[in-house]
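Enquirer: here is my input, please return the structure:
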Amino acid sequence: MGATPLLVVEGVVKRFGGVVAVNGATCSVAERSVTGLIGPNGSGKSTLFNCIAGVERPDAGQITFLGRRINGRSPSQICEIGLARTFQITRLFREMTVLENLVAVAHGLSDAAAVRRAQELLAMVEVGHLQHALAGTLSYGQRKLVEIARALMFAPKLLLLDEPFAGINPRLQNRILRYLERLRDRGVTLFLIDHEMRILLNICETVLAMDAGEIIAEGAPDVIRKDPRVLAAYF
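Expert: Numbering: from 1, shown residues only. Here you go, the predicted structure:
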């Protein structure tokens, strides 16, 4: 793991009415690392990701990326800095083709360059043959692959992945794992939420555990899996 924190989350709080979804979460993600975030359903994982990506604005605390404070910035501004994300439930434009979904989010590229980059990324995740298909006709697993490719259109330094392995078969899970390993080898920092401990053990150097809106443990996957606080949160 690299020693330099790329992302720093300090005391982040997010409330929805009387519900505290994130309660003073503090953590960091090292540059060129692969970090996992686990926790039971409703523990605040996706809300924390939404705060980092600008989808939600924290009620308190600070989020710093590449040394810049980013809480309060819009999702598009955060993407332009170099932080992109995927969602637990894919958010493709269903009435657009796969290729159009990627080209639509391109910034700073000519139309021809955007198309070339989109085609390269679709080929990388092995769905290039679907570039002219409507996104609404894709299978769930295919949509996951396209959403990863679309996030990469931003050439991010940090990629947030919200349950990339959920709801898909083990063969496709292994394919996605290989793609993420390639991204890691290219220097992209990965921060992912998932319940698949088998996969997290294979790819993550560090795992953060979250419960009731708080980060309750941090460490290597084997250590986290045996941590009594983590076991209590799950069981």
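Enquirer: quick check on Gly219: phi, psi?
Expert: Dihedral pair for Gly219: phi 170, psi -170, per degrees, to the nearest 10.
Enquirer: ok, for Ile52, nearest residue in space, not its chain neighbours?
Expert: Distance criterion Cβ to Cβ, 6 or more residues apart in numbering; nearest residue to Ile52, sequence neighbours excluded, is Ile63 at 5.7 Å. All C-beta spots, glycine's among them, are computed from the backbone N, C-alpha and C.
Enquirer: which helix or which strand is home to that neighbour?
Expert: Following DSSP states H and E, one finds Ile63 within strand 60-65.
Enquirer: remind me what that strand packs against, helices and strands.
Expert: For strand 60-65, the elements it packs on are strand 5-16, strand 19-30, helix 45-53, judged by 3 or more Cβ pairs under 8 Å, 6 or more residues apart in numbering; DSSP states H and E.
Enquirer: my guess is the residue nearest to Ile52 meets Leu6, correct?
Expert: No. Ile63 sits out of contact with Leu6 when judged by Cβ atoms under 8 Å, with a separation of 11.7 Å.
Enquirer: between the two, point out the one with more neighbours.
Expert: Ile63 (25 against 22; other Cβ atoms under 10 Å).
Enquirer: in CSV: the helices and strands packed on strand 60-65, plus distance to Val103 and mean pLDDT.
Expert: Below are these laid out as CSV (distance: least, Cβ to Cβ, whole Å; pLDDT from 0 to 100):
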stretch, distance to Val103, mean pLDDT
strand 5-16, 28, 96
strand 19-30, 29, 96
helix 45-53, 21, 95
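Enquirer: measure Leu145 to Val230 for me?
Expert: Applying Cβ to Cβ, to the nearest Å, the value for Leu145 to Val230 is 30 Å.
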